[in-house]
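Participant: make a model of this:
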Amino acid sequence: MRRRISDFVYRRTGRVLDLERVSAEPDLQAMVALLLAGMADADGAITDDEFERVVGLMRGFFGLNENVSLDLFMRAVEELRKRDDLSSIMDELKPRLDLRRKEDLLVILLKVIAADGEKHPKEMAYLHRFAARIGLPDEVAERAFVRYAGERRSNGRPN
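Facilitator: Got it, this is the predicted structure:
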């Protein structure tokens, strides 16, 4: 019930209530790391730029130091090689993340796509599948794209 109230307030006002700390749940960290590895590998290879970007993004998202973030990502890449599909991970995340964290993840996935300077069709398909499977409402997805574009502009990068 508390999550639904928090999501309702966030959807209507953009204000965050009772923001959960993903870093407090190691299994949640592993699932998110696996999703980020899946995005980095969606076009068939994880480039050095994608690798560095994902490790940095995980540090910020989880509040981890670089070594822990690096280890988490390496374990996620190993796990990714054992799986055909990440749909079950997306399904598990759906009830565990509030709308704000889902929006944050969408922004992070956009940053992973941009890491190698190319928007591969498989990356875009992964992004859309992620948004649909975790139940991201259109207005929250739109807010994520606006946030991403604003961050790119403020960093002097073209969208």
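Participant: which residues of the chain score low on pLDDT?
Facilitator: Flagging of the chain using pLDDT under 70 yields the residue ranges 1-24, 157-159.
Participant: pick out the residue closest to the middle of it.
Facilitator: Ranked by distance to the mean C-alpha position of the chain (CA atoms, centre = their mean), the top residue is residue 105 at 2.8 Å.
Participant: isn't that one up against residue 31?
Facilitator: No. Counting by CB atoms under 8 Å, residue 105 does not reach residue 31; the two are 10.4 Å apart. For every residue, glycine as well, the C-beta is placed using N, CA and C.
Participant: who touches both of these two?
Facilitator: Both residue 105 and residue 31 lack any common contact, where contact means CB atoms under 8 Å, 6 or more residues apart in numbering.
Participant: isn't residue 148 up against residue 112?
Facilitator: No. Contact criterion CB under 8 Å: residue 148 and residue 112 do not qualify, at 11.1 Å.
Participant: quick one, which of these two is more surrounded?
Facilitator: For residue 148 and residue 112, the more surrounded residue by other CB atoms under 10 Å is residue 112, and the numbers stand at 25 against 19.
Participant: give me phi/psi at that one?
Facilitator: Dihedral pair for residue 112: phi -70, psi -40, per degrees, to the nearest 10.
Participant: any idea how far it lies from residue 139?
Facilitator: Here the distance between residue 112 and residue 139 works out to 23 Å (CB to CB, to the nearest Å).
Participant: for residue 132, grab the count of nearby residues.
Facilitator: Counted with other CB under 10 Å, residue 132 comes out at 11.
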